[in-house]
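Student: Turn this into a model:
(chains A and B)
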Amino acid sequence: MPKFVDLWVYLSSTPLFGLTATMAVYVLAHALYTRLKQAPWANPVLWTVLVIAAFLLLTGVPYPTYFSGAQFIHFLLGPAVVALAWPLWQRRAELRARWSPLLLASLAGGAAAAGSSWVLGRAFGLPDDVVLSLTTKSVTAPVAMGVAEKIGGIPALAAVFAVLTGIVGALSGKYLFDLLRISTTAPGWMARGFALGTTSHGLGAARAMQVNPDAGAYAGLALGLQVVLASLLIPLVFRLI
Amino acid sequence: MNALRGFAWLLVLQSAGEMLSHGLRLPFPGPVVGLVLLLAALRFDIVRKPVAECADFLLSHLSLLFVPVGVGVMTHLGLLNAYGGRMLLVIVLSTWIGLAVSALVLRALMRRQQEERS
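Tutor: Numbers count the residues shown, from 1 in each chain, chains lettered A, B, ... in the order given. Sure, this is the predicted structure:
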């Protein structure tokens, strides 16, 4: 019988390992998150990422080996971005009735998030390519990677920043909105959800959908708007500077 | 079967989006062009019914799809060691600024629209 170590060396080098690890750890983290009544700090993405990254570092499995399996999940981000048309379509009546406040809020929020990360990044003395990778962090990861590449950032870093931004928004949004006295009546939930979708993209929207249906719908709408606006405007602004 | 048909539509529209984006050198990434194409195609029953089923499933598990890229943070340990604290500070502060601005602007504009109508 081959030793367990040999079997592990074999398994950890196949794509099956990365895919299995991603699914298994996420399903466990999600079960824990549900059991903990969806406490923001128990965010399943945050814990799945930390557990897998720590595991890979400890066992010495290189990231590309992990990704050779995990890419099958990563690949679904593309169709998921296309699928964002669905929540937009469902809310088309609202979009038509409120298009000017929604568009302006999306522009203002996106500009505030991108602009402040550029200003702060430079003020803190971060390298240029890091600062450029920061400016796309409010757009969902696959789009952030594409936009960052266009403006001279580092795509992989842009994706990680986007994920972190999503987690920060999902974790802290509630407390910030309470502080700003955004109400928890229907219009308040719309503003909360819209802000989460605008600033913290898919992860913020996922959180909003769990908390309140109005917030979730507006988050999905905001996410779609932000994807279209940011991928058009961010490269344009950096071309002009 | 409907969900699979929906998935096929998403892939077809993403591919069309990629071709348009590269062929015409559009500023949008391929999937974003695919989003716009799907928005136009949703008026047709043959697209809408299957896509609805697939999109609901895909979007309700959106956060899982970010895990593989998120784990990529381990390949940037050097940068994290050098700038980690400052990068995290920028991310947290500008996320709060973005959240506050979008929530407050939308609330103010919706209130004004309501007053104008009443």
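Student: low pLDDT regions in chain A?
Tutor: A:1-2 (pLDDT under 70).
Student: residue boundaries of the helices in chain A?
Tutor: With DSSP state H as the criterion, chain A has helices at A:4-12, A:15-35, A:44-59, A:63-74, A:77-83, A:85-90, A:92-97, A:99-123, A:128-135, A:141-151, A:155-179, A:186-211, A:213-240.
Student: residue contacts, A:Ser117?
Tutor: A:Val131, A:Leu134, A:Thr135, A:Lys137, B:Val90, B:Ile91, B:Ser94 (C-beta atoms under 8 Å, 6 or more residues apart in numbering or on different chains). To be clear about C-beta, it is placed using only N, CA and C from the backbone, and glycine gets the same treatment.
Student: so which of those residues is the most crowded?
Tutor: Using other C-beta atoms under 10 Å in any protein chain shown as the neighbour test, the contacts of A:Ser117 are led by A:Lys137, with 32 neighbours.
Student: Burial check on the closest residue to B:Phe66 other than its chain neighbours, number of neighbours?
Tutor: In space, and not counting its chain neighbours, B:Phe66 is closest to A:Val163: 5.0 Å by C-beta to C-beta, 6 or more residues apart in numbering or on different chains. Around A:Val163 there are 29 other residues, counting by other C-beta under 10 Å.
Student: A:Trp47 now?
Tutor: Using other C-beta under 10 Å, A:Trp47 is surrounded by 18 other residues.
Student: For it, give me its contacts.
Tutor: Going by C-beta under 8 Å, 6+ apart, A:Trp47 touches A:Ala29, A:Leu32.
Student: how about a cut-off of 7 Å?
Tutor: The contact partners of A:Trp47, by C-beta atoms under 7 Å, 6 or more residues apart in numbering or on different chains, come to A:Ala29.
Student: Over to A:Ser200?
Tutor: Here A:Ser200 is in contact with A:Thr165, A:Gly166, A:Gly169, A:Ala170, B:Thr95 (C-beta under 7 Å, 6+ apart).
Student: can we see that at 8 Å?
Tutor: So A:Ser200 contacts A:Ser138, A:Thr165, A:Gly166, A:Ile167, A:Val168, A:Gly169, A:Ala170, A:Gly173, A:Arg207, B:Thr95, B:Leu99 (C-beta under 8 Å, 6+ apart).
Student: quick one: it and A:Arg192, what's the gap?
Tutor: Here the criterion is C-beta to C-beta, to the nearest Å. By it, A:Ser200 lies 11 Å from A:Arg192.
Student: Name the nearest residue to the residue nearest to the spatial centre of chain B, ignoring sequence neighbours.
Tutor: Among the residues of chain B, the one closest to the centroid is B:Val32, at 8.3 Å (C-alpha atoms, centre = their mean). Leaving aside its chain neighbours, B:Val32 sits nearest to A:Ser231 (5.2 Å; criterion: C-beta to C-beta, 6+ apart).
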